[in-house]
Every structure is written in structure tokens, then in C-alpha cells.
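Asks: no sequence for this one, just the structure:
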């Protein structure tokens, strides 16, 4: 009886450890935070729980259902049971591998459109031409590079038929332009900072500047909007968000602003994600779902740091978009050669679709509806529902889970001894895995100089490292299982 129980315990550990690391990553926390949380929860339950029986997570519940189903089809034949289990494992592996491939492909930003794309569409290739000009040198506030970029942006806005102006205050020089609506002075404010830090800033935030320029060009090429669009290129974002503060405090157009949409880049690549919104964002999320078929968002995403934070703190409604893979910003590596056209295209889709949508709404007044739960499902759709649905959904899950556990007891698949032994392997793995991963990381960082440098707390090849550490954890867990099993047989 010990062998199958040990196998159940080790399977639970093998799934829970990488899952804990993954959930921590999704929450914006270090992977080890998930491992430590994974240790604390079962220990507390062991000490304070009302039952000695425990089934953890959806994976465990599904395992009970699968085991019960196989037992029925096997009809008491152990050999047939093993054959069915092996066949099921192969099928599940194929499905998971295919699903992983599709998920990765669907998470990647969409392909960039060429310069030959229709004039009313956003083209990353056209946007990159702007980046090539403004990122030839660093754009620290007040530097020759900043002034050259300022002059270029002003000339491009003028070429679009707009009347750009600079807002000059103490140590701040913003650039502002307006596309006047045909029916309303109420405005959508598109924001990107022009200054850079410790490098040419091709992505951070030359990409944001180019996105605003290309979006303005596409809007001018299409039908006129009912509401106004204001383009704001801020100064001194990198040194304290001073450009945004100056616009809010001193520029008269702030009175017309009803919605703010900010574009920034915390990395050199990746999908453009909705990383921040104003509070009580129910209406905003519903409108984004209607406007943008390329939306990539989750109510579980952490907030970034950008000019949008200033507008949010002053009570303005809006969104902040960012992409954060490959965190080599604020370095010379943030150059044109390392641009990701697909990421720029994704940002551009958001900018143009949201500007067009809100530009033709009858009213831009935000009713401040309660925050919903929302998340993207690959590129298949965008799910959002009221928070009041959470408790009913949770109750349904609990009832289903309770039924599955009861079925496990009835089929005698769950045993006290098996869960106890499985818990032992689980705890040993949770303690030893972080130690082994830490040792491997020290070895890697000592042998490879590239890993000795971090970018905003992140290292190069971070996704590959996470895959490596997850594989090490699973291998270690299986090793513990084999060792304990051999000791029992001795």
C-alpha cells in the first residue's frame, strides 16, 4: 500500500512546487515567495486542520476522478488498470504539449504590419522609422539629444496638419498637440514620455513616442472623431514624473481631459499588457472589451510605474499599457537593434483602437462602476464579470470538490497513511528544492558573467532559467520518492 500512496504524494509535490513558483510570478513576486507559501500552508493545515485527510488543488481533485474512472474500466484487473493509466498519461502529455505550444504562441504579440499597410491602420514598421531618428543619442532632460528629439516630434506633428506647442516650466519642457473633435471639446489624452535614462531609450520610451505619432497619423487619415484627442509627450518622467505633474498643474487643456491612456515600456519585448487602471474601473473594462480585440489584461496584474500614476492619483480615469520582457532598459542595450516590432504593433493596436472608440462615444464621463474580475483567454476573448459573482462561483467549486473527495473515500482511493507519507515527501521537497535551486543559481552566476548583471532586478534568459529551476525541482522530488521507496523496501 505504501508504493501507490508515495506515488500520490510525490505527484502532488511535483505539481505544487512549480505551480507555487508560477503563481508567485503572476503576482509579481519572486519565485521563492511561492515556495515559502507552499511550505507554510500545508504545515498550518496539518497542525490546525479539522481533518487528517487533505486534497489540495484542482489537479488533486481531477486525479481522484481519473483514478475512479480507470478503476471502473479496469474491472479489478491490475494489469489492465496499468495499461489504461499509461495510455491516459500519453494522451494527456500530447494534449498538454499542444496546449502549451498554442498558449505560448497566443501570448506572443501579433505580427508587425509593414509600411505598406493601409493608411488608416497602425504600422509598427512606420513607427520604427521615428524611433530610428529620436534614439540616435540619449535624451536626458535638457540635453542636446532631448532637444533634437523635441524638434523632430514638433516637425512630425506639424507635417500631420497639427499645431504643436511646448509647455515650458522650471526644468520641464513638454510637447502638446491636439486633434480637435467635431462635436466636443472633451478629450482623450494619449501620453508617452520623451526623455530617456542611461541610454538611447529606443524602447523606453522611444516606442511610446513613435506609437503616439503613428496613431495620430492613422487618425488623421481616417474619418474625423466626435471627441478631441490630446497628444502629450512628457519631459522628466525618468527623474520623477515631473512632466505629467506640470501638465496637470499648469496647462489649461487639462480641463478638457476625461480619459488618460499612457504608453510606456519596462522591457525590450513582450505582449503589451494593460498594467494599470483607475479605481472603480467597471465601465473602463467594459469599454476596453468592446474597443480592443487585442487586449491582454488581468485584474491580477500588478501596477507599473509611469506618468499614469500621477493622473491616477489626481482622480483621472484611464489605462496604462506596458510590455516587460527582457528588462535591459536604462542601458545602452535599449537601442534600435534590440527593438521588437511585434511589441510595438501590439501597443499601437491598443492606442488606435481605444482612441477611435472613445473618440466617437457620446459621453466620456466615467460612472465609476465597481471593479470587475477580468482576464484574457489567449487571443480567443476577454472575460470580465462583477466581483459579486466570485462567491457563487467559489461555492460551486467547493461543492464539486467536496463531491470529488467523498467519491475518493468511497472508492477507498484516499487513505490516512498514504496522505501522511505523501505529505512527508511534499514537505521534504519544499525545503530541499529552494536550497538546490539556490546552489545551482550561485554556480551559474559564478560561471557565466552575464548572470552577474541584473536589469531592474531581473536577469537575462529569465524564462529559460525558470524552466530550468522548475525541471530541477521536479527531478529532485522524483529522486526523494525513489530514495524513500527504496528505504521502505529495505
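Replies: Alright, I've got the coordinates. Computed from a predicted structure; not experimentally measured.

Asks: Could you verify that residue 238 is part of a strand?
Replies: No - applying DSSP: H, G, I helix; E, B strand; the rest coil, one finds residue 238 to be coil, outside a strand.

Asks: Does it touch residue 199 like I think?
Replies: No - in terms of Cβ atoms under 8 Å, residue 238 does not count as a neighbour of residue 199; the distance is 10.7 Å. From N, CA and C alone the C-beta is placed, and that goes for glycine too.

Asks: Worst mean pLDDT across the helices and strands of this protein, which element?
Replies: helix 57-74 (a mean of 57; mean pLDDT, DSSP states H and E).

Asks: How far does whatever helix or strand residue 468 lives in sit from its chain's centre?
Replies: Assigned by DSSP states H and E, residue 468 falls within helix 462-489. In this view, helix 462-489 has its centroid 28 Å away from the chain centroid, taken as Cα atoms, centre = their mean, to the nearest Å.

Asks: What residues of it count as buried?
Replies: Neighbour counts over helix 462-489 (16 or more other Cβ atoms under 10 Å) mark 465, 469-470, 473-474, 476-478, 480-481, 484-485 as buried.

Asks: Same question for stretch 382-399.
Replies: 382, 384.

Asks: Any idea how far apart the tips of that stretch sit?
Replies: Stretch 382-399 has an end-to-end distance of 27 Å (Cα to Cα, to the nearest Å).

Asks: Next up, the contacts around the closest residue to residue 258 other than its chain neighbours.
Replies: Nearest non-adjacent residue to residue 258, counting by Cβ to Cβ, 6 or more residues apart in numbering: residue 364, 3.6 Å away. Counting by Cβ atoms under 8 Å, 6 or more residues apart in numbering, residue 364 makes contact with 186, 188, 227, 258-259, 358.

Asks: Which of those fall within strands?
Replies: 188, 258-259 (DSSP state E).

Asks: Kindly reformat the residues you listed as CSV containing pLDDT, neighbour count and distance to residue 144.
Replies: Below are the ones in strands among the contacts of residue 364 laid out as CSV (pLDDT from 0 to 100; neighbours: other Cβ atoms under 10 Å; distance: Cβ to Cβ, whole Å):
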residue, pLDDT, neighbour count, distance to residue 144
188, 96, 27, 33
258, 96, 20, 37
259, 96, 25, 35
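
Asks: Am I right that residue 192 sits in a strand?
Replies: Yes - under three-state DSSP, residue 192 falls within a strand.

Asks: Now residue 239. Its backbone dihedrals?
Replies: The phi/psi pair for residue 239 (degrees, to the nearest 10) reads phi -110, psi 10.

Asks: Now it. Nearest residue, chain neighbours left out?
Replies: residue 141 (6.5 Å).

Asks: and residue 252, how many neighbours?
Replies: When neighbours are counted by other Cβ atoms under 10 Å, residue 252 registers 6.

Asks: Please tell me how far it sits from residue 434.
Replies: For residue 252, the distance to residue 434 equals 56 Å [Cβ to Cβ, to the nearest Å].
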